[in-house]
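*Asks:* the following comprises the amino acid sequence and a computationally predicted model.
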Amino acid sequence: MPLYNRLKEYRAKIGVNQQEMGKLAGVSRQTISQIERGDYSPSVTLALKIAKVFEVTVEDIFWYEEDEKDV
């Protein structure tokens, strides 16, 4: 059940690297990297913090699509 995201795209818009994004969201650079790769799904709290950094909704950055096998 993959959670897709546009985190890298949004980071580029405000000109911050993964390290700086981690500081803004209160997590490590590694966590940001794992989220961007789809290897880690953030908690609701972290997703809200990330969205707040960009002043957008969580749905602007993260979305879920069911696979045929998940239905």
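*Replies:* Cool, got the structure.
*Asks:* ok, residue 6 - contacts?
*Replies:* For residue 6, the contact set (C-beta atoms under 8 Å, 6 or more residues apart in numbering) comprises 60-62. Every residue, glycine included, has its C-beta placed from N, CA and C.
*Asks:* quick one: buried ones out of those?
*Replies:* 61-62 (16 or more other C-beta atoms under 10 Å).
*Asks:* the strands in the chain, which residues?
*Replies:* 3-5, 62-64 (DSSP state E).
*Asks:* and the helices in this protein, which stretches?
*Replies:* For the chain, the helices defined by DSSP state H occupy 7-14, 18-25, 29-37, 44-54, 58-61.
*Asks:* ok, which of the strands of the chain comes nearest residue 51?
*Replies:* Residue 51 lies closest to strand 62-64 among the strands of the chain, at 8.1 Å (C-beta to C-beta).
*Asks:* how distant is the closest one from the center of its chain?
*Replies:* From the chain centre to the centre of strand 62-64 is a distance of 9 Å (C-alpha atoms, centre = their mean, to the nearest Å).
*Asks:* what is the mean pLDDT for it?
*Replies:* The average pLDDT for strand 62-64 rounds to 96.
*Asks:* now do the contacts for the residue nearest in space to the middle of the chain.
*Replies:* What sits nearest the mean C-alpha location of the chain, by C-alpha atoms, centre = their mean, is residue 7, with 4.6 Å. The contact partners of residue 7, by C-beta under 8 Å, 6+ apart, come to 21, 32, 35-36, 50, 61.
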